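Undergrad: Mind folding the following:
(chains A and B)
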Amino acid sequence: MQLPARRTRRLRPIPLSAVLGAMSPNLIFAGLFFLAPVVLVLLYSFGTLSYLTLDVNWGWTTSSYSAIVHSPYLQTFLRALLIAVATVALCAPLGFAISLVIVRATPRRRVALFLLVLFPFWTSFIVRTYAWTNILGPRGYIANLTADLGHRVTLLGTDWGILIGMVAAYLPMMALPVYVSLSRVSEELVAAARDLGAGEWRIMRTLLIPGAAPGLAVGALLVGIPASGEYVVPAVLGAGKVTLVGGLLAQELQNNGNYPLGSALTVGLIVLMLLMLIVARIVQWLWARPRKRAPVAVPDTAAVTS
Amino acid sequence: MIDKLSEPHTRRTLLAASGAGLAAAALAACGSSSSSGGSAGAAGSSTTAGPIKGTIQFSTYPGWIGKHTIADFEKAQPAVKVSVDADESDFDSLLPKIKAQTGIYSMALASTYEIQRAILLGVAQELDFSAMPNTKYIDKKYLTTPVNAKGNYFVPTDYGKYGIAVRTDLVPEPITSWKDLFALSQKYSGKVYWYDFPKDIITAGLLELGYPANDANQSHIEAAGAAMTKLKPTMGELGTNGIAAALLNESAVISVTYDYDAYAAVQKNKNIKWILPSEGVPAYLEGWLALKGGPTAATQAFMNYALAPKLYADFVSENDVAGVMSAANRYLPKTLTSSEILFPSSADLALVHFLNFVGQAEAYYDTAYTKFKAA
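TA: I've put the predicted structure just below:
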């Protein structure tokens, strides 16, 4: 017997005016506080500065952009990108390891460990960064230790020193989303894999790392984007010698009052961040696309039984 | 009143203004203590007519004034409040903000070349030195600088030389010039600290290359920037704090810094020697300027008050700086006035090049410095 078709109510299309009306607060907010500043920055970047009067002339010139390309600014952008990528690359395994320890801990210990991850946020970011000067500086622990070993190494004022500071600053931003992803990996699934003879490495490779992947992707963005424009860490741990994009922006906008060049640098930074987002998207897509699996060999049961 | 008089005026407005001034002076004379006479006892005389009032927004370096000067002035002038914005940024970096928001500061501490730029931008307020009788105590050579050529805009307070401080017990080689320092930097790589101030850094490069200070030649400035960039890997630190102090704990063996910074370190370790390089020494002459949009009468009264020799001496001894008022020397401790670092001989003074505003070429200095930092 065929059941009578259930009558379904067709939804009436919502008029466009109603959609726009409902969205208007968001649109106004985004327009005023996001779109308008970006447009203003773009406009400024095509102007020139009259140095004596500090007036900006709107000449639609690309001189600020060519100044970036034909100067050490480009080198600074590359250095910033490299340090940001290295920060993500170091934060990812460290964040994964920390998250794994937390996930596998007993519920009571989990809270304590979780608090330890959040603990650095209880102090000022600048204070935390300055604290590293005592470790990385010429009279710091690392310098003294390496001096005892025969060659004093001072990391303050080097790219390595900045990298260490960046990793220390951004590690929680990686650990937290990875923890969320890992906690969603079913414990029963891990136990089943173990029961079926999978070793720890295989569980890690086939269950835990794929399970943590969404968190790693989010963490890479949360770390990579601010790290590429970071100002405080290079300013403190660079000892005035290493300048990244954030420092250049401050120099041009704040000290020189050169808004066109500062704006062009800002556009460069926006492009850099967009590139990072695109790369992250591509990696996510490559990860998520269905993979060809090798055909599973079906045992010939007939041959076995005969 | 002074604001109005400094503007272009007709005979009628001049008469009206002077009439109002006379009336205000008469009222002040009738009143008991509202005029600036209250401060005169402690800080010399002031001829500001009428009661003065307002809030002075004062941009200066932290602690760059006598310890009690502001509190005493506010006691003497209860209708005036001095709000200090103590910041280590140089005045140049405040100029875009000052131009955009007239009145954000009433007065500021700045170097002569920065003040010349402020005058050009039209943000500086001309001062009436006749209302500031204590300016007579300032040594003439500092008061009559090019900044004050077209009007009195600048009240000098101190100057500073950018020289070399060396731990002679750790650096046996004699250093007498920038050339010597550049040649030795590789040997003492990582132990040579530099005070980070844009124009002085580039000027040190200019002098080492044999070019003059205040050079406006673009290719010379670029070459100086390139020379400093080449030297950068040998610099241990490029900062604004503890540059000479690093000599004390041996983090640095050579510090390129200002005289007041070196003076403080020398007091703690007599092995530190202060050197004025033979090619010349970049130096700043700094002081106060009033800015448009502020309470000019109150600002002038405050400047005048702080220039009383005894109070001025407090500022000099508080900060261990090279002063510009010989009349105040008798109030200073002997250790300070006998210091060759802060009070050099006339032969040493001949090496000092005060940095001036070089017009459009200032942009070359900015660019050279930014490239040096970016490298």
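Undergrad: quick one: low-confidence ranges for chain B?
TA: B:1-50 (pLDDT under 70).
Undergrad: Now the element after the strand ranked longest in it, going C-ward?
TA: Using DSSP state E to define each element, chain B has its longest strand at strand B:155-167. Later in the chain than strand B:155-167, the nearest helix or strand by DSSP states H and E is helix B:178-185.
Undergrad: Establish whether that following helix and chain A are in contact.
TA: No: shown here: helix B:178-185 not in contact with chain A (C-beta under 8 Å from any C-beta of the partner chain), separated by at least 13.4 Å. The way it works is simple: take the backbone N, C-alpha and C, and place the C-beta from them, glycine included.
Undergrad: Would you mind giving the secondary structure of the closest residue to residue B:94 other than its chain neighbours?
TA: The shortest distance from residue B:94 to any non-neighbouring residue, by C-beta to C-beta, 6 or more residues apart in numbering or on different chains, is to residue B:59 (6.2 Å). Using DSSP: H, G, I helix; E, B strand; the rest coil, the structure places residue B:59 in strand.
Undergrad: Who is residue B:59 paired with across the strands?
TA: Beta bridges link residue B:59 to residue B:85, residue B:108 when assigned by DSSP bridges.
Undergrad: ok, which stretches of the chain are strands?
TA: Unless you meant another one, I'm taking chain A. A:48-50, A:55-57.
Undergrad: That was the other one, I meant chain B.
TA: Going by DSSP E, chain B shows strands at B:54-60, B:80-86, B:107-111, B:124-125, B:155-167, B:192-195, B:235-239, B:254-258, B:272-275, B:281-291, B:322-323, B:352-354.
Undergrad: relative to strand B:54-60, how tilted is the third one?
TA: Following axes from the mean of the first three to the mean of the last three C-alpha atoms, to 10 degrees, one obtains 20 degrees for the angle between strand B:107-111 and strand B:54-60.
Undergrad: Now do the buried residues in strand B:107-111.
TA: B:107, B:108, B:109, B:110, B:111 (16 or more other C-beta atoms under 10 Å in any protein chain shown).
Undergrad: Kindly provide the distance from the first one to residue B:309.
TA: Taking C-beta to C-beta, to the nearest Å as the measure, residue B:107 falls 20 Å from residue B:309.
Undergrad: next one: residue B:59
TA: For residue B:59 relative to residue B:309 (C-beta to C-beta), the value is 25 Å.
Undergrad: who touches residue A:208 in this structure?
TA: A:100, A:182, A:185, A:190 (C-beta atoms under 8 Å, 6 or more residues apart in numbering or on different chains).
Undergrad: any idea how far the closest residue to the first one other than its chain neighbours lies from residue A:165?
TA: By that I understand residue A:100. Spatial nearest neighbour of residue A:100, chain neighbours left out: residue A:182 (6.4 Å); criterion: C-beta to C-beta, 6+ apart. With distances taken as C-beta to C-beta, residue A:182 is found 26 Å from residue A:165.
Undergrad: can you tell me which residues contact the closest residue to chain A within the stretch 51-200 of chain B?
TA: The minimum distance from the stretch 51-200 of chain B to chain A, using C-beta to the nearest C-beta, falls at residue B:96 (3.6 Å). Going by C-beta under 8 Å, 6+ apart, residue B:96 touches A:54, A:257, A:259.
Undergrad: Can you give me the neighbour number for the residue of the stretch 101-250 of chain A found nearest chain B?
TA: Closest approach between the stretch 101-250 of chain A and chain B, counting by C-beta to the nearest C-beta: residue A:240, at 3.2 Å. Residues near residue A:240, counting by other C-beta atoms under 10 Å in any protein chain shown, number 21.
Undergrad: how deep is the nearest residue to residue A:98 once chain neighbours are set aside tucked in, by neighbour count?
TA: Excluding its sequence neighbours, the residue lying closest to residue A:98 (C-beta to C-beta, 6+ apart) is residue A:175, at 4.6 Å. Neighbour count of residue A:175, defined by other C-beta under 10 Å: 24.
Undergrad: so where's chain A shaky on pLDDT?
TA: A:1-9, A:291-306.
Undergrad: For it, which residues are neighbours of chain B?
TA: Listed as neighbours of chain B in chain A under the rule C-beta under 8 Å from any C-beta: A:51-54, A:71-73, A:75-76, A:137-139, A:154, A:156-157, A:239-241, A:243, A:247-248, A:251-252, A:254-259.
Undergrad: Report the spatially nearest residue to residue A:94, omitting neighbours in sequence.
TA: That would be residue A:171: by C-beta to C-beta, 6+ apart, it lies 5.9 Å from residue A:94.
Undergrad: my read: the residue nearest to residue A:98 touches residue A:119, true?
TA: No: taking contacts as C-beta atoms under 8 Å, residue A:175 lies outside contact range of residue A:119: 11.9 Å.
Undergrad: For the two, list the residues in contact with both.
TA: By C-beta under 8 Å, 6+ apart, no residue touches both residue A:175 and residue A:119.
Undergrad: got the residues of chain B near chain A?
TA: B:89-90, B:92-93, B:95-96, B:99, B:117, B:120-121, B:190-191, B:196, B:198, B:232, B:235-239, B:246, B:249, B:251, B:359-360, B:362-363, B:366, B:370-371, B:373-375.
Undergrad: Now list the buried members of those residues.
TA: For these, buried by 16+ other C-beta under 10 Å: B:90, B:92-93, B:95-96, B:99, B:117, B:121, B:190-191, B:196, B:198, B:232, B:235-239, B:246, B:251, B:362-363, B:366, B:370-371, B:373-375.
Undergrad: that older thread, from the residues of chain A next to chain B, which land in helices?
TA: The helices, defined by DSSP state H, take in A:72, A:73, A:75, A:76, A:247, A:248, A:259 from the residues of chain A next to chain B.
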